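**Student:** predicted model follows, preceded by the sequence.
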Amino acid sequence: MAHGWRRSTAAMALGLLVCVAGIPVARACCPAWKGSRPVRIADQKILVIWDPETRTEHFIRSAGFRAGTTGGAPPGDETAADAADKAFGFLVPSPTQPEVAEADDGVFAALDDLIRPRIEEVERWRADPTPLVLMPFLLKAPATTSRAAPPMADVRVLERKRVGQYDVAVLAADDTTALTDWLATNGFESRPALREWAEPYVAKGWIITAFRYAADASRIETGGVRMSFQTEIPMFAYRVPTDNLAAEGQASVLRAFVVVPGRANGTLGEGENARSWSAAQCRYSRPLPADTFAALFGKVLPAESAGPREGTWLTAFDDATWPSGTDDLRFTHEVNAAEYQEVVRNVRERSIPVPLDVIGLSLVAVGWGLRRQFV
């Protein structure tokens, strides 16, 4: 266990924002805040890479946040000075103690590029009855249409370190009240909804990793962070406190990239309460060649991690309702599934001119000739 704050870079979250040092945090997982100014998540991308042999999950996250306003005013209306001298943080639950390290969040740009829809050029022909004498005046460029892709009793500090802009504390708690008391004593503030959120994780003996980040602008870029931990099932802490569920019209988009041995499927909850992740829209799901795996993830995985296992797939989902869940997300996989990639068809309308005047004159000429033949 390390007790000093060591330097690394960036941090990651399986999902729970907690506000510290006088700034509220909302619109991400598990915020706890002080004061009345919220920090809302502006966008979020996550990457889950799970090794079925070692049962190790590598979770990489990149997100941007924007400072909200007091009095419930819309986010973004305040000046940068309004958001100065603020700090925020988040809590991240994991089944086992994680290793926290820097991650190059450039991986998300590479993944976005990889899953781009395939473009198909399609030509569609049709007859266009038009008088020949009018054609010079009716010439126009072919139309092209496209669809856009769219340390206290009951709380043990297992590790403390500095990771980029974050102070990180890895905590094991036997009691929810002791955990929230520890957070309050160490610059975080909790509330009943956060305590309710933490209860099942503490009951299951999960580890809570607390991050703190200070920022002086209304837009906060947190960079990429990796958490690596043991888990029998690849997962994402999708669950948020009930007072942080997205209001109508205020949801963000969560893009999840999942690397597992087969086509990934998301399930919310467990046991009898398990249900399909119906809010997710699959954007891409195909096998991942070994050289592509190495090129994409060589900079974000630990040096000692294994390469891709046979049958590794990449599946990408978009959830436009985030944050919206009170259950965590688990991923299963299908080995013999159909591949999927979005296709955007650019349709070029082509026409074959049919000169009505020429046809008409020809018919008249033919008729005149026949008439003279029989006269």
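**Tutor:** Here it is on my side, so go on.
**Student:** contacts and neighbour counts: CA atoms only from here.
**Tutor:** Will do.
**Student:** hey, where'd the helices end up in the protein?
**Tutor:** Assigned by DSSP state H, the chain shows helices spanning 107-114, 135-138, 176-185, 192-204, 290-297, 356-373.
**Student:** got the angle for the third one vs helix 192-204?
**Tutor:** What that stands for is helix 176-185. Taking axes from the mean of the first three to the mean of the last three C-alpha atoms, to 10 degrees, one finds helix 176-185 and helix 192-204 inclined to each other by 130 degrees.
**Student:** buried ones in helix 176-185?
**Tutor:** Within helix 176-185, the residues that qualify as buried are 176, 178-183, counting by 16 or more other C-alpha atoms under 10 Å.
**Student:** check E342 and give its pLDDT.
**Tutor:** E342 carries a pLDDT score of 89 in this model.
**Student:** what's the burial count for the nearest residue to A193 once chain neighbours are set aside?
**Tutor:** Nearest non-adjacent residue to A193, counting by C-alpha to C-alpha, 6 or more residues apart in numbering: P241, 5.5 Å away. Neighbour count of P241, defined by other C-alpha atoms under 10 Å: 25.
**Student:** from P355, how far out is P241?
**Tutor:** Separation of P241 from P355 (C-alpha to C-alpha, to the nearest Å): 69 Å.
**Student:** of all the helices of the chain, which lies closest to P234?
**Tutor:** Among the helices of the chain, the nearest to P234 by C-alpha to C-alpha is helix 192-204 (16.4 Å).
**Student:** contact partners of the closest one?
**Tutor:** Residues outside helix 192-204 that contact it (C-alpha atoms under 8 Å, 6 or more residues apart in numbering): 30-32, 93, 173-177, 180, 207, 240-243.
**Student:** in the residues you listed, find the pair that's most separated.
**Tutor:** Spatial extent of the contacts of helix 192-204 (C-alpha to C-alpha) is set by the pair D174 and D243 at 24.4 Å.
**Student:** the two: which has the busier surroundings?
**Tutor:** Each of D174 and D243 has its neighbours counted (other C-alpha under 10 Å); D174 has more, 17 against 14.
**Student:** how many neighbours does the closest residue in space to that one that isn't next to it in sequence have?
**Tutor:** Spatial nearest neighbour of D174, excluding adjacent residues (C-alpha to C-alpha, 6+ apart): D154 at 5.0 Å. Residues within reach of D154, counting by other C-alpha under 10 Å, total 14.
**Student:** surely D154 meets T177?
**Tutor:** No - using C-alpha atoms under 8 Å, D154 is not in contact with T177; the gap is 9.2 Å.
**Student:** low-confidence stretches in this protein?
**Tutor:** 1-43, 63-88, 120-153, 189, 214-223, 346-351, 354, 356-358, 371-372, 374-375 (pLDDT under 70).
**Student:** just to revisit the earlier point, ok, so of the buried residues of helix 176-185, who is nearest I119?
**Tutor:** L183 (50.7 Å).
**Student:** now the residue nearest to A193: phi and psi?
**Tutor:** The phi/psi pair for P241 (degrees, to the nearest 10) reads phi -60, psi 150.
**Student:** quick one: it from F211, how far?
**Tutor:** Relative to F211, P241 is positioned 17 Å away (C-alpha to C-alpha).
**Student:** ok, now K45?
**Tutor:** For K45 relative to F211 (C-alpha to C-alpha), the value is 18 Å.
**Student:** and A290, by the same measure?
**Tutor:** Distance from A290 to F211, by C-alpha to C-alpha: 34 Å.
**Student:** ok, these two, which is more surrounded?
**Tutor:** F211 (28 against 15).
**Student:** that one touches P93, doesn't it?
**Tutor:** No - counting by C-alpha under 8 Å, F211 does not reach P93; the two are 11.4 Å apart.
**Student:** show me the contacts for T56.
**Tutor:** By C-alpha under 8 Å, 6+ apart, the contact list for T56 reads 50, 228-232.
**Student:** so which of these is the most crowded?
**Tutor:** Neighbour max across the contacts of T56 (other C-alpha under 10 Å) = W50, 27 neighbours.
**Student:** residue contacts, that residue?
**Tutor:** 56-58, 234, 259-260.
**Student:** nearest to G367, of those residues?
**Tutor:** The closest of those to G367 turns out to be V259 (C-alpha to C-alpha; 73.9 Å).
**Student:** you'd agree that closest one is up against T315?
**Tutor:** Yes - the pair V259 / T315 is scored as a contact, 6.6 Å apart, by C-alpha under 8 Å.
**Student:** export stretch 264-284 to CSV, keeping only CA atoms.
**Tutor:** The C-alpha trace of stretch 264-284 is given here as CSV (Å, rounded to 0.1, in the frame of the first residue of the first chain):
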residue,chain,number,x,y,z
ALA,A,264,-20.8,-7.7,-26.5
ASN,A,265,-24.2,-7.4,-25.1
GLY,A,266,-25.1,-5.1,-22.1
THR,A,267,-27.3,-6.1,-19.2
LEU,A,268,-28.4,-3.8,-16.4
GLY,A,269,-28.9,-5.3,-12.9
GLU,A,270,-28.3,-8.9,-11.9
GLY,A,271,-30.3,-12.0,-11.0
GLU,A,272,-34.0,-11.8,-11.3
ASN,A,273,-33.7,-8.0,-11.9
ALA,A,274,-31.4,-8.3,-14.9
ARG,A,275,-32.7,-6.7,-18.1
SER,A,276,-31.3,-5.7,-21.4
TRP,A,277,-29.5,-2.4,-21.9
SER,A,278,-32.3,-1.2,-24.1
ALA,A,279,-31.1,2.5,-24.3
ALA,A,280,-28.0,1.4,-26.0
GLN,A,281,-27.7,1.6,-29.8
CYS,A,282,-25.0,-0.7,-31.3
ARG,A,283,-22.7,1.3,-33.7
TYR,A,284,-20.2,-1.4,-34.5
